[in-house]
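# Whatever this is, show me its structure:
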Amino acid sequence: MKDTNKVIFAGAGPGDPELITVKAMNAMRAADLIIYAGSLVPEAVLCWKGEKTRALSSEDMDLVQIIDTIQTNYAKGKKVIRLHTGDPALYGAIFEQMRELNALNIPFEVIPGVTAAFAASAKMKMEYTLPEETQTLILTRISGRTPVPEAEDLDKLASHRSSLVIYLSLGQIKKVQGILETHYGKDSLCAVAFKVSHPEEKIIYTPIGRLAKTCEENRITRHALVLAGKAVEASLDPARILSSKLYDPGFSHGYRTAK
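Model prediction:
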């Protein structure tokens, strides 16, 4: 009989337990073991696990230990979930884990999740793609201990002046500020989204020229995104943005004739 048991990589969402998908929630309830990224996934999300489900934090585990734990439990017929923060495909380091499972002939599937960039935009009542202002969203990080390809250097990406969300870069916030000043202007608004959807959440608007100082004053050194672009300013001044063609009564499309 074909083995239908698969290891599941699931997105835990940005922190709020209610922002996990129904599919991931059901998988957690049915799991025997959840290996969760303890440095980022809050224990509150584990409220969805089954009564007999064991939860194990991977914050002090390396790749070999993680794979060994998965392999050992899978070989016993256990249902294993690897729970990552946000969406596992974004800065989740899941590819190397999936590669190892492939080599071991262990089947797996991925359940997507809500990444912090979208939890932040929801909280800010913001749309990243605005008619005739910006139609592009860039999710990126600054180069640090984990290098970024030269073609994706933050300075080059910021030159597009699109909606921009910067992850994992608070350790070089002064450099981030300098780059944003060059391309967006020091008086333009940006936002710092700290632990978005967590109980400690803070959304702070600040001129780009005060970005580093704002983070310092609020003691924000990690677990935060930086958002830049016209969409940030528009979230505080929505009247200046043009309406879309989609709902314009004078615009025809495949489902509606212009009036």
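
# going forward, measure contacts between C-alpha atoms and count neighbours the same way
OK.

# how about stretch 119-135: buried residues?
119, 120, 121, 126, 128, 130, 133, 134 (16 or more other CA atoms under 10 Å).

# helices or strands next to the helix or strand hosting residue 179 in the packing?
Per DSSP states H and E: residue 179 is located in helix 173-184. Applying 3 or more CA pairs under 8 Å, 6 or more residues apart in numbering; DSSP states H and E, we find helix 173-184 packed against helix 154-158, helix 211-217.

# would JSON lines of those helices with distance to residue 174, mean neighbour count and mean pLDDT be doable?
Shown next, in JSON lines, are these (distance: least, CA to CA, whole Å; neighbours: other CA atoms under 10 Å; pLDDT from 0 to 100):
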{"stretch": "helix 154-158", "distance to residue 174": "13", "mean neighbour count": "18", "mean pLDDT": "97"}
{"stretch": "helix 211-217", "distance to residue 174": "6", "mean neighbour count": "17", "mean pLDDT": "97"}
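
# Including distance to residue 96, could those go into TSV?
Compiled in TSV, these are given as follows (distance: least, CA to CA, whole Å):
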stretch	distance to residue 96
helix 154-158	25
helix 211-217	33
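
# quick one: contacts of the helix holding residue 179?
The contact list for helix 173-184 (CA atoms under 8 Å, 6 or more residues apart in numbering) reads 142, 154-155, 158-159, 161, 169, 186, 208-209, 211-212, 228-229.

# mind running it again at 6 Å?
155, 159, 212 (CA atoms under 6 Å, 6 or more residues apart in numbering).

# same thing with stretch 119-137?
Contacts of stretch 119-137 (CA under 6 Å, 6+ apart): 162, 163, 164, 231, 235, 244.

# among the residues you listed, which ones are buried?
Buried members of the contacts of stretch 119-137, scored by 16+ other CA under 10 Å, are 162, 163, 164, 231, 235.

# Pull up the gap between the fourth one and residue 12, please.
Going back to what we said before, that points to residue 231. 26 Å (CA to CA, to the nearest Å).

# related to what we said a few turns ago, possible to save the contacts of stretch 119-137 as a markdown table with distance to residue 22 and secondary structure?
Listed next are the contacts of stretch 119-137 as a markdown table, based on distance: CA to CA, whole Å; DSSP: H, G, I helix; E, B strand; the rest coil:
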| residue | distance to residue 22 | secondary structure |
| --- | --- | --- |
| 162 | 32 | coil |
| 163 | 29 | strand |
| 164 | 29 | strand |
| 231 | 30 | helix |
| 235 | 29 | coil |
| 244 | 32 | coil |
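
# Out of those residues, which comes closest to residue 109?
Comparing the contacts of stretch 119-137 against residue 109 with CA to CA picks out residue 164 as the nearest, at 29.7 Å.

# got the contact list for that closest one?
Shown in contact with residue 164 (CA under 6 Å, 6+ apart): 137, 138, 227, 228.
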